[in-house]
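1. what's the 3D shape of this:
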Amino acid sequence: MYREVVTVAKSLYRISLTLPLARLLNLLGRLSSHATKIMYDSIGLDGSNFCIRLDNELVYGVLVYALGTSSYLEQRRRGFDVSALRYDDLVECPLGMCRVILEFCHLPVSLAEKAVKAFDTDSQKNSMIAKSAIGHFKEPQLTPSRKRKLNELLKKHGVPLIGEPRIIEGTLSCH
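-> Coordinates of the predicted model:
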């Protein structure tokens, strides 16, 4: 599942303010690009692909988005039967999208109404990243200079840029 990159980046920034390790990693990443590389290496990824200084509050989230999206696109290029799902489509047409997802997964479409009811609760409500815990943090702003820098990063990873159409190949749809 994916959503618009700036929304992801802002959300991950707010989440990082409540999780001590994420906050520490973001602060260390502000010091140097080498610190970011070490962090990605430590979780088993090739940190050289992410050797960038986290010099603003949105870079970390854009990196996470780029990693997930580029990995998905690479899996499709290799012939894996994977499809994407846009969060916005799920919000706009929950019943239709749940039917599409269940059908894609070869599960009974009759479960779609039960699946939609699950959206009525915050799945993180008892955690440190519940809406009630992160909703009050001020979102970082996307300035023109930040947008240019973030688009360079997105371009490097071959994923849609900020301001471009956001439908990724292989996205499931009920339209």
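
2. switch to C-alpha atoms for all contacts and neighbour counts from now on
-> Fine.

3. residue contacts, residue 40?
-> With contact taken as CA atoms under 8 Å, 6 or more residues apart in numbering, residue 40 is in contact with 46, 47, 50.

4. where's it relative to residue 61, distance?
-> Noted for residue 40: a distance of 13 Å to residue 61, by CA to CA, to the nearest Å.

5. residue 118 too?
-> Residue 118 sits 26 Å away from residue 61, going by CA to CA.

6. ok, these two, which is more surrounded?
-> For residue 118 against residue 61, the residue with the higher neighbour count under other CA atoms under 10 Å is residue 61, and the figures read 21 against 10.

7. which element follows the worst-scoring helix or strand of the chain on mean pLDDT toward the C-terminus?
-> Counting by mean pLDDT, DSSP states H and E, the weakest-scoring helix or strand in the chain turns out to be helix 131-134, with a mean of 73. Using DSSP states H and E, the helix or strand that follows helix 131-134 in sequence is helix 144-156.

8. who's sitting farthest from the centroid in this structure?
-> Here the centre of the chain is the reference, and by CA atoms, centre = their mean the most remote residue is residue 110, at 29.0 Å.

9. that one: what's it in contact with?
-> For residue 110, the residues meeting the contact criterion (CA under 8 Å, 6+ apart) are residue 99.

10. how about 10 Å then?
-> The contact partners of residue 110, taken as CA atoms under 10 Å, 6 or more residues apart in numbering, are 98, 99, 102, 103.

11. how close does the residue nearest in space to the middle of the chain sit to residue 160?
-> A centroid search over the chain (CA atoms, centre = their mean) returns residue 65, at 4.3 Å, as the residue closest to the centre. Noted for residue 65: a distance of 10 Å to residue 160, by CA to CA.

12. and the helices in the chain, which stretches?
-> Along the chain, the segments classed as helices by DSSP state H run 5-16, 20-31, 33-42, 59-77, 87-92, 94-104, 112-117, 131-134, 144-156.

13. circling back to that earlier point, I'd guessed the residue nearest to the centre of the chain sits against residue 6; true?
-> Yes. At 9.2 Å, residue 65 counts as touching residue 6 under the criterion of CA atoms under 10 Å.

14. what touches both of those two?
-> Any residue near both residue 65 and residue 6 by CA under 10 Å, 6+ apart counts here, and that gives 12, 59.

15. ok, the nearest residue to residue 115 once chain neighbours are set aside - contacts?
-> Leaving out its chain neighbours, the residue that sits closest to residue 115 by CA to CA, 6 or more residues apart in numbering is residue 98, at 6.8 Å. When contacts are counted by CA under 10 Å, 6+ apart, residue 98 is found next to 90, 104, 109, 110, 111, 112, 113, 114, 115, 116, 174.

16. of the residues you listed, closest to residue 23?
-> Each of those was scored against residue 23 by CA to CA, and residue 90 proved nearest at 29.7 Å.
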